[in-house]
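Enquirer: Any chance you can model this:
(2 chains)
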Amino acid sequence: MARSRTDTQSAQATLSQEDHPVVIFEHVELAFDEKVVLKDISFSLLSGRTKIILGASGSGKSTILKIITGLLRADAGSITVNGQRVDRLTEQEMMAVRADLGMIFQEGALFDSLTVRENVGYKLYEELRMPIPEADARVKEVLGFVSLGEYLDRMPSELSGGQRRRVAIARAMAFKPKILLYDEATTGLDPITATTVDDEICKLRDLEEVSSIVVTHQLRDAFYVAENMAVRDPSGNVNIVRATKDKEREAEFIMLRDGLIVFEGDAEALRKSTDPYLQTFLS
Amino acid sequence: MASLVENWAKNVAQEMQAYSRMVGAAMRAVVTPPRYSHDIVEQFDAIGVASMTVVLLTGFFTGAVLALQTGNTLDRFGARPVVGQLVSASMIKELGPVLTGLMLTGRVGSGIAAELGSMMVTDQINALRALGTDPIRKLVVPRMLAGIFMTPILTVISDFVGVVGGWMVARFQLQVASGVYWSSIIRGIYMQDVWMGLIKPFALGFIIVSVACHVGLRTTGGTQGVGKATTNAVVAGSVAVIAVDFVITRLLFWLMY
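Expert: Just a heads-up that it's a prediction; the model follows:
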């Protein structure tokens, strides 16, 4: 009881700071049997910012997202989400934390027995028990945001890969979470479709003030998200433009190699790095 | 060799532990909110109503072949008129529950394992959890309730059509009068037999669905893993049906007869 009071107080103190960290990893470690997946991982994500996690396949990128959402449990270290220590929570307690977390899975992970409308509105209909007209309106709004308003009654099997990812983004943002986690949201997509998905990431970050962690091994998409921003012109249209220097510095990169962080910094620092591994990765 | 046995024992212990935890979580979820009532209704339809055809056909032909096979044997003792008693006792006490259980393992168990297995390997189960849904409440509880309550209903139907199948063979093949057939059933069936035939399917329905859900939710390894999970669910479910049937029969004999 005393511990939970302390946690709440520290959570409030953390959240009252400007640019407060919404996700904090401290010395997190994870191994599956003999295979070490994460070694002493520490970083923090500030509110409204983007953290881009790069790394080769199997370097532990997706594992970080699963630990944040409580889908996996770390062996050691502490994880704080929205000011609340989550690594000690039970699955039931974790449900409350997930109310403010949206995750976009690799390949979308859409429920294939449900229509696009039911997928996007899943949490509104099933968990939040929102009145149907209100939930329908929100579903249409978010599907319009990802330009898929006319696909309401399609089944996931009738959508292209890019459309599925965009529906997954719509599903994750439908309940207005303040943190979005993108797990290889553009992998396997053609460059044009990938750019559409990248634009959605920028729009959510810059117009909806959603903090995001983008896991990818696609450099083109990583730099696109870091070096562009979404702005709304006076007539209400949304445009994707080159980010200002200050805005660009707000997107931070993390490079993982065999479960270890080997680089942390902004896009410019990453480009200028002389580390041979980073050079190979960037080339 | 020793390490092989050790590994096997460790795996069995882990599976049993995971199974018990899943069943425990499902039991708690049945009595606490939230409940997904429309999923429960959907599963009663998918597991119960949709299995009707296979259960009707299996029951009918089992009763018919039972009458056909035993008719000739009974003839040797001049006992052809009691063929109805033999068919009904066999169907109600044993063949109805077990064959319905085996049919449901093939139709329902495999379907559940494949569906949940596919959801596992495509991250849909993780997506459910990330959206704040407990997969046990959403996926396991509705299937388990449907299995527990629809299996007895299907068994009663199977028993009835089995007895009708036996009557058709007795009447038209063995030339036993209808009145003789039905009266031998009424004379030969005791209340304990009926209870035995009604109690067993509750346990069998539970075991079929819980094993299939457990296997489905432990699926790994992509589409190949889904195939393996489906096979495992049918094999483990079928063996469990026969084994649980034996245990319950022994227990009920001890309690009721």
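Enquirer: Can you verify my assumption that A:Glu107 contacts B:Val121?
Expert: No: counting by C-beta atoms under 8 Å, A:Glu107 does not reach B:Val121; the two are 10.5 Å apart. (C-beta placed from N, C-alpha, C; glycine too.)
Enquirer: How about the helix or strand harbouring B:Leu154 and chain A, touching?
Expert: Counting by DSSP states H and E, the element that carries B:Leu154 is helix B:141-172. No: Helix B:141-172 is not in contact with chain A by C-beta under 8 Å from any C-beta of the partner chain; minimum separation 12.8 Å.
Enquirer: Please state the offset of that helix from the chain centre?
Expert: 11 Å (C-alpha atoms, centre = their mean, to the nearest Å).
Enquirer: And stretch B:238-255, by the same measure?
Expert: On C-alpha atoms, centre = their mean, the centre of stretch B:238-255 falls 12 Å from that of its chain.
Enquirer: Same question for stretch A:212-219.
Expert: Going by C-alpha atoms, centre = their mean, where stretch A:212-219 is centred and where its chain is centred differ by 9 Å.
Enquirer: quick check, it touching chain B?
Expert: No: using C-beta under 8 Å from any C-beta, stretch A:212-219 never reaches chain B; the gap is at least 13.4 Å.
Enquirer: what is the mean pLDDT for that stretch?
Expert: Averaged across stretch A:212-219, pLDDT comes to 93.
Enquirer: Show me which positions of that stretch end up buried.
Expert: A:Ser212, A:Ile213, A:Val214, A:Val215, A:Thr216, A:His217, A:Gln218 (16 or more other C-beta atoms under 10 Å in any protein chain shown).
Enquirer: residues making contact with that stretch?
Expert: A:23, A:45, A:49-57, A:61-62, A:64-65, A:68, A:179-187, A:194, A:201, A:204-205, A:221-222, A:225, A:281-282 (C-beta atoms under 8 Å, 6 or more residues apart in numbering or on different chains).
Enquirer: CA atoms only for that stretch, dumped as PDB, please.
Expert: Output of stretch A:212-219 as PDB, limited to C-alpha atoms (Å, rounded to 0.1, in the frame of the first residue of the first chain):
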ATOM      1  CA  SER A 212       6.000   7.500 -30.300                       C
ATOM      2  CA  ILE A 213       8.600   4.800 -30.500                       C
ATOM      3  CA  VAL A 214       9.300   3.700 -34.000                       C
ATOM      4  CA  VAL A 215      11.100   0.300 -34.400                       C
ATOM      5  CA  THR A 216      12.400  -0.300 -37.800                       C
ATOM      6  CA  HIS A 217      15.400  -1.400 -39.800                       C
ATOM      7  CA  GLN A 218      14.300   0.700 -42.800                       C
ATOM      8  CA  LEU A 219      16.700   3.600 -42.800                       C
END
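Enquirer: Flag the shaky bits of the stretch 1-150 of chain A, pLDDT-wise.
Expert: A:1-18 (pLDDT under 70).
Enquirer: Now stretch B:99-116 - C-alpha only, CSV.
Expert: Extracted in CSV, the C-alpha atoms of stretch B:99-116 (Å, rounded to 0.1, in the frame of the first residue of the first chain):
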residue,chain,number,x,y,z
LEU,B,99,-18.6,-41.0,-29.8
THR,B,100,-20.1,-37.5,-29.5
GLY,B,101,-16.9,-36.5,-27.6
LEU,B,102,-14.7,-37.9,-30.3
MET,B,103,-16.6,-36.3,-33.1
LEU,B,104,-16.5,-32.9,-31.3
THR,B,105,-12.7,-33.4,-30.7
GLY,B,106,-12.3,-33.8,-34.5
ARG,B,107,-14.6,-30.9,-35.4
VAL,B,108,-14.5,-28.5,-32.6
GLY,B,109,-11.1,-29.2,-31.0
SER,B,110,-9.2,-29.0,-34.2
GLY,B,111,-11.1,-25.8,-35.1
ILE,B,112,-10.3,-24.1,-31.8
ALA,B,113,-6.7,-25.1,-31.9
ALA,B,114,-6.3,-23.9,-35.5
GLU,B,115,-8.1,-20.6,-34.8
LEU,B,116,-6.3,-19.7,-31.6
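Enquirer: Can you show me the helices along the stretch 101-250 of chain A?
Expert: A:116-120, A:122, A:132-145, A:161-173, A:191-207, A:219-227, A:245-250 (DSSP state H, counting those that start in this stretch).
Enquirer: for the ones you listed, which one sits closest to A:Met103?
Expert: Among those, helix A:161-173 comes nearest to A:Met103, with 6.1 Å by C-beta to C-beta.
Enquirer: could you say what helices and strands the closest one packs with?
Expert: When contacts are defined as 3 or more C-beta pairs under 8 Å, 6 or more residues apart in numbering or on different chains; DSSP states H and E, helix A:161-173 sits against strand A:101-104, helix A:116-120, helix A:132-145, strand A:179-183, helix A:191-207.
Enquirer: same thing but 6 Å
Expert: strand A:101-104, helix A:116-120, helix A:132-145, helix A:191-207 (3 or more C-beta pairs under 6 Å, 6 or more residues apart in numbering or on different chains; DSSP states H and E).
Enquirer: got the residues of chain A near chain B?
Expert: A:Thr69, A:Leu71, A:Met95, A:Arg98, A:Met103, A:Phe105, A:Ala109, A:Phe111, A:Tyr122, A:Lys123, A:Glu127 (C-beta under 6 Å from any C-beta of the partner chain).
Enquirer: can I get those in a markdown table with neighbour count?
Expert: Formatted as a markdown table, the residues of chain A next to chain B follow (neighbours: other C-beta atoms under 10 Å in any protein chain shown):
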| residue | neighbour count |
| --- | --- |
| A:Thr69 | 21 |
| A:Leu71 | 21 |
| A:Met95 | 17 |
| A:Arg98 | 24 |
| A:Met103 | 27 |
| A:Phe105 | 26 |
| A:Ala109 | 24 |
| A:Phe111 | 18 |
| A:Tyr122 | 24 |
| A:Lys123 | 23 |
| A:Glu127 | 17 |
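Enquirer: Would you mind giving the orientation angle of the helix or strand where B:Arg21 lies with respect to helix B:141-172?
Expert: Assessed by DSSP H and E, B:Arg21 sits inside helix B:2-31. Orientation check (axes from the mean of the first three to the mean of the last three C-alpha atoms, to 10 degrees): helix B:2-31 against helix B:141-172 gives 90 degrees.
Enquirer: closest point of the stretch 151-283 of chain A to chain B, which residue?
Expert: Residue nearest to chain B within the stretch 151-283 of chain A: A:Arg171 (7.7 Å; C-beta to the nearest C-beta).
Enquirer: Surely that residue touches A:Asn119?
Expert: Yes: here A:Arg171 reaches A:Asn119: they are 5.4 Å apart, a contact under C-beta atoms under 6 Å.
Enquirer: who's more crowded, these two?
Expert: A:Arg171 (32 against 26; other C-beta atoms under 10 Å in any protein chain shown).
Enquirer: Please name the residues that touch the closest residue to the more buried one other than its chain neighbours.
Expert: Nearest residue to A:Arg171, sequence neighbours excluded (C-beta to C-beta, 6 or more residues apart in numbering or on different chains): A:Val120, at 4.8 Å. Residues in contact with A:Val120 (C-beta atoms under 6 Å, 6 or more residues apart in numbering or on different chains) are A:Val139, A:Ala170, A:Arg171, A:Ala174.
Enquirer: ditto for B:Ile40
Expert: Contacts of B:Ile40 by C-beta under 6 Å, 6+ apart are B:Pro142, B:Leu145.
Enquirer: In strands, which of the residues of chain A next to chain B appear?
Expert: A:Met103 (DSSP state E).
Enquirer: Point me to the residue of the stretch 1-150 of chain A nearest chain B.
Expert: Closest point on the stretch 1-150 of chain A to chain B, by C-beta to the nearest C-beta, is A:Ala109, at 3.9 Å.
Enquirer: in terms of contact, does that residue touch B:Asp123 like I think?
Expert: Yes: counting by C-beta under 6 Å, A:Ala109 does reach B:Asp123; the two are 3.9 Å apart.
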